[in-house]
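In: fold the following and give me the result.
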Amino acid sequence: MESKAQKPGAVQPESDAHPLLKPEPETPNPQSISAVSNQTIEEEMENKYAPFVRRDVYGTMGRGDLPWPEKFLLAFAVVFLVPMRVATAAYILVFYYLICRICTAFLAPNREDGGQEDYAHMGGWRRAVIVRSGRFLSRVLLFVFGFYSISETNRGFDADGQFDTQFTTEEGERPGVIVSNHVSYIDILYHMSSSFPSFVAKRSVARLPLVGLISKCLGCVYVQRELKSSNFKGASVVVSERIREAHVNKFAPKMMLFPEGTTTNGDYLLPFKTGAFLAKAPVLPVILRYPYDRFSPAWDSISGVRHVIYLLCQFTNYIEVTRLPVYNPSEREKEDPKLYAENVRRLMAHEGNLVISDIGLAEKRVYHAALNGLLSER
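Out: Below is the predicted model of the structure:
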């Protein structure tokens, strides 16, 4: 049997009693993990809550890192442009308040059930002065805020200027309400300059200095959510009555509603509430877009104060308006307000090249809360 003994002179390798030190696996940096995780979460939220995502140079919630040229322009505007615009806007507001005060002097407001009161139902020279000066000064305010020109397009008209029957069944029908997508508080100023309609507002607006009287001259319908008494009509009932009145009476104030119930970034159209469609009256759809280069005027996921400052700092702002013909509901739509609202929404989305979304105000609040949480961790 052959021996397995080692040959003479062969060196027996020593046991690896002291192995070479091996580099320990790198421990990930907790801060880098957190940054990557937050970025992933933010991307997921942007996909889920796309109608409220800001995509301008100011970034998420207007708190993004700005390049130095943008910071310089912002500082210059804060020092020189903003004070002039604020002072001019305040002067215009006070001036129009005085016009409303003079025109409503010694007159009692029109009172309705539900604690509603307004000066929009008065006639004669007083109403004419309030409406014409209101429209003119609203347009001046838009000019002061940088909206120097407004691009307006009328859709659904043929070469002879008549309504296309694809959109309406009865030519020249007077609508009872204007329905518009909601992008910014600037929407209100534009509609005031265009048609001076009545809006739905919180009850507290009626008690504000200056603005309170102006809102009554507009004929705003006030919502008082705390009031549960059965002796008062709900706001939806008052709105429906106003819409029917405006439909049959050309001297009655026209209603203006934002059926989405909240603002978006202007690229999407949220589900419509049925308040504007319960009256079974024709509606006038209007689509607003705000093209931008630096700052988006859309009031989506940015605080009000920050938005106003950035808006006033922007030298030029733009509005594109698409006005569709009066939409007359079918008998089926009259009996089903949800169907009526959805058909108008789909028409506006198609004509305005807007993306239909199924989320609404509740999801917007969740998105805002999540963004605030992420930003506080940075």
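In: give me the distance between L278 and I178.
Out: According to Cβ to Cβ, to the nearest Å, L278 stands 16 Å off from I178. The C-beta positions use only the backbone N, C-alpha and C, and glycine is treated the same way.
In: those two: which is more packed in?
Out: Legend: neighbour count by other Cβ atoms under 10 Å for L278 and I178, higher for I178 (22 against 18).
In: you'd agree the more buried one is up against P282?
Out: No - counting by Cβ atoms under 8 Å, I178 does not reach P282; the two are 10.8 Å apart.
In: got a list of what G123 touches?
Out: Residues near G123 by Cβ atoms under 8 Å, 6 or more residues apart in numbering: F251.
In: what backbone torsions are found at it?
Out: Main-chain dihedrals, G123, degrees, to the nearest 10: phi -120, psi -160.
In: now do the shared contacts for I178 and P282.
Out: Contacts common to I178 and P282, judged by Cβ under 8 Å, 6+ apart, are absent.
In: now do the longest strand along the chain: which elements does it pack against?
Out: If you go by DSSP state E, the chain has its longest strand at strand 283-289. If you count contacts as 3 or more Cβ pairs under 8 Å, 6 or more residues apart in numbering; DSSP states H and E, strand 283-289 packs onto strand 177-180, helix 186-194, strand 319-323, helix 337-352.
In: how near is the residue nearest to S240 when sequence neighbours are not counted to I102?
Out: Excluding the flanking residues, the one nearest S240 by Cβ to Cβ, 6 or more residues apart in numbering is A279, at 4.3 Å. A279 sits 34 Å away from I102, taking Cβ to Cβ as the criterion.
In: again, but for I356
Out: 47 Å.
In: surely R135 meets S194?
Out: Yes - with contact defined as Cβ under 8 Å, R135 reaches S194; the gap is 7.4 Å.
In: looking at the two, which is more packed in?
Out: S194 (18 against 15).
In: and the pLDDT at the more buried one?
Out: pLDDT, S194: 95.
In: any regions of the stretch 1-150 of the chain where pLDDT drops low?
Out: Low-confidence segments of the stretch 1-150 of the chain, defined by pLDDT under 70: 1-38, 113-114.
In: how about the strands in it?
Out: 110-112, 116-118, 150-154 (DSSP state E, counting those that start in this stretch).
In: for L312, the count of nearby residues, please.
Out: 20.
In: what of D187?
Out: Quick note: D187 (other Cβ under 10 Å) scores 22 neighbours.
In: next one: F145
Out: Number of residues near F145 (other Cβ under 10 Å) recorded here: 19.
In: isn't it right up against L311?
Out: Yes - F145 lies in contact with L311 (Cβ under 8 Å); the separation is 6.6 Å.
In: shared neighbours, these two?
Out: Residues touching both F145 and L311 (Cβ under 8 Å, 6+ apart) are 186, 317.
In: most tightly surrounded among the strands of the stretch 1-150 of the chain?
Out: Greatest average neighbour count among the strands of the stretch 1-150 of the chain goes to strand 116-118 (a mean of 20), per mean count of other Cβ atoms under 10 Å.
In: partners of that one in the sheet?
Out: Looking at strand 116-118 with DSSP bridges, its partner strands are strand 110-112 (antiparallel).
In: residues in contact with the strand it pairs with?
Out: Counting by Cβ under 8 Å, 6+ apart, 117-122, 233, 238 sit against strand 110-112.
In: the residues you listed: which two are farthest apart?
Out: Using Cβ to Cβ, the contacts of strand 110-112 reach their maximum pairwise distance at M122 and K233, which is 21.7 Å.
In: re the thing from before, counting neighbours, go ahead and name the busier of I356 and I102.
Out: Each of I356 and I102 has its neighbours counted (other Cβ under 10 Å); I356 has more, 15 against 11.
In: now the more buried one. Its backbone dihedrals?
Out: The phi and psi values for I356, taken as degrees, to the nearest 10, are phi -80, psi 130.
In: what does V355 give?
Out: phi -90, psi 130.
In: how much space between it and V179?
Out: 18 Å.
In: who has more neighbours, those two?
Out: Neighbours per residue, other Cβ under 10 Å: of V355 and V179, the larger number sits with V179, 26 against 11.
In: mind checking pLDDT for that one?
Out: 98.
In: from K338, how far off is it?
Out: 14 Å.
In: repeat that for Y185.
Out: Applying Cβ to Cβ to Y185 and K338 gives a distance of 28 Å.
In: how about Y49?
Out: 24 Å.
In: neighbour count: the two, which is higher?
Out: For Y49 versus K338, the count of surrounding residues by other Cβ under 10 Å is larger for Y49: 20 against 13.
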